[in-house]
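Participant: Prediction below, plus the sequence it came from.
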Amino acid sequence: MVYSYLVMKKELMDILVCPVCKGKLTLTVEKENSHEVVSGYLYCAKGDVKYPIIDTIPNLLPPEKHR
C-alpha cells in the first residue's frame, strides 16, 4: 500500500507553510516524475530557509535540525 501523504506532490503547495514562521513556501523542482517531486526544495523567503526534498520526502524540520 502506498501512502500519498508521505511524498511531495505539487498539490500540497496550497496547504504547506514554513514550520518556523508560517510563511509562504515556494517550490523549486530539480527532478520529478509523473506523480510527485523527486528532488528539489521548498523555500521560505520570510525566514530565508530552504527545506530539501530528497527521494520525494520534504524535510520540514527546523533548519537547525537539518543534517
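Facilitator: Nice, I can see it. Numbering: from 1, shown residues only.
Participant: Residue 30 contacts residue 50, correct?
Facilitator: No: between residue 30 and residue 50 there is no contact, the gap being 11.9 Å when judged by C-beta atoms under 8 Å. The way it works is simple: take the backbone N, C-alpha and C, and place the C-beta from them, glycine included.
Participant: buried sites along stretch 15-28?
Facilitator: By 16 or more other C-beta atoms under 10 Å, the buried positions in stretch 15-28 come out as 16, 18-20, 25, 27.
Participant: re the thing from before, can you pick out the residue with more neighbours from residue 30 and residue 50?
Facilitator: Between residue 30 and residue 50, residue 50 has the larger neighbour count (other C-beta atoms under 10 Å), namely 16 against 11.
Participant: ok, how many other residues are close to the nearest residue to the more buried one once chain neighbours are set aside?
Facilitator: Excluding the flanking residues, the one nearest residue 50 by C-beta to C-beta, 6 or more residues apart in numbering is residue 41, at 4.7 Å. For residue 41, the number of neighbouring residues by other C-beta under 10 Å comes to 19.
Participant: pLDDT weak spots in the chain?
Facilitator: Residue ranges of the chain with pLDDT under 70: 1-6, 65-67.
Participant: any chance you could map the helices in it?
Facilitator: In the chain, no segments count as helices under DSSP state H.
Participant: Look up how far residue 17 lies from the residue nearest to residue 7 when sequence neighbours are not counted.
Facilitator: In this structure, residue 7 finds its nearest non-sequential neighbour in residue 56, 4.0 Å apart by C-beta to C-beta, 6+ apart. Taking C-beta to C-beta, to the nearest Å as the measure, residue 56 falls 20 Å from residue 17.
Participant: re earlier: bridging residues for the residue nearest to residue 50?
Facilitator: residue 28, residue 52 (DSSP bridges).
Participant: didn't it look like it was pressed against residue 59?
Facilitator: No: using C-beta under 8 Å, residue 41 is not in contact with residue 59; the gap is 9.0 Å.
Participant: which residues does residue 50 contact?
Facilitator: 41-44 (C-beta atoms under 8 Å, 6 or more residues apart in numbering).
Participant: ugh, wrong one, I meant residue 32
Facilitator: 38, 40 are the contacts of residue 32 under C-beta under 8 Å, 6+ apart.
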